[in-house]
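Student: generate coordinates for the sequence data below:
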Amino acid sequence: MPATSPAPLTVGFDLDMTLLDTRPGIRATYQALSAETGTYVDADLVVTRLGPPLLDEIRNWFPAEEAERAANRYRELYRDHAFAPTVPLPGALAAVEAVRAHGGRIAVITGKYEPNARLHLEHAGIAADAVVGDLWAETKGEALRANGASIYVGDHLGDIVGARSAAAVAVAVATGPYGADELREAGADVVLADLTGFPEWLDRHLASV
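Tutor: Now for the predicted structure:
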């Protein structure tokens, strides 16, 4: 029987506050939505708790019967306000290149509306082999499994849940709403201050498996 080749390395990355600092653009979009609808939204508060699905946040500000419409309008306004002020977080581009250097694939698994996630990546100059949006926690795990990802990198407790549900190594970065201790207590296998430490960690990890 011929030997089977090992599966190619695939690393999953979250988007908001893992690869990209999307806070300025999200703040600007919520401010535009608030001005257009006359509904108060504390955009500064919103950007401190990025991660869960858009509708979860929208429902904090809009009545239930208006939430879906407000979310759709937010996604439209996002294209006018969010891309220009968004920048890669420290180490993001190098982290992606580190995966490439090992012959690996990049899968961006995010809670963001997928078309906007793709535009964000294009604007930032990050090429991904797969992009799957509108996912959260366990549903991220489903996409990770479907893409054969053995590692998932994220900043949120929900990202750890997703990695765990896919039996992937949960690498957490403390660039989002949670500190290193909280991420570790939530079950992250690895906690990094930011992505600048990812290439070295990846080298060590792959040498040990």
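Student: name the residues that touch stretch 55-69?
Tutor: Contact with stretch 55-69 is made by 34, 37, 39-41, 46, 49, 70-71, 74, as judged by C-beta atoms under 8 Å, 6 or more residues apart in numbering. The way it works is simple: take the backbone N, C-alpha and C, and place the C-beta from them, glycine included.
Student: alpha carbons only: can I get it in CSV?
Tutor: Presented in CSV, the C-alpha positions along stretch 55-69 are these (Å, rounded to 0.1, in the frame of the first residue of the first chain):
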residue,chain,number,x,y,z
LEU,A,55,-27.0,41.3,15.1
ASP,A,56,-26.1,40.6,18.8
GLU,A,57,-24.6,44.1,19.0
ILE,A,58,-27.3,45.8,16.8
ARG,A,59,-30.0,44.5,19.1
ASN,A,60,-28.5,46.5,22.0
TRP,A,61,-29.5,49.7,20.2
PHE,A,62,-32.4,49.0,17.8
PRO,A,63,-35.8,47.4,18.5
ALA,A,64,-36.1,43.8,17.6
GLU,A,65,-38.3,44.6,14.6
GLU,A,66,-35.7,47.0,13.2
ALA,A,67,-32.6,45.0,13.9
GLU,A,68,-32.3,43.0,10.7
ARG,A,69,-32.8,46.2,8.6
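Student: nearest to L183, of the contacts of stretch 55-69?
Tutor: R49 (15.2 Å; C-beta to C-beta).
Student: how about the residue nearest to that closest one when sequence neighbours are not counted, phi and psi?
Tutor: Computed as C-beta to C-beta, 6 or more residues apart in numbering, the closest residue to R49 that is not its neighbour in sequence is P177, at 5.7 Å. Backbone dihedrals for P177, given as degrees, to the nearest 10, come out at phi -80, psi 0.
Student: any idea what I106 is bridged to?
Tutor: Beta-bridge pairing of I106 under DSSP bridges involves V11.
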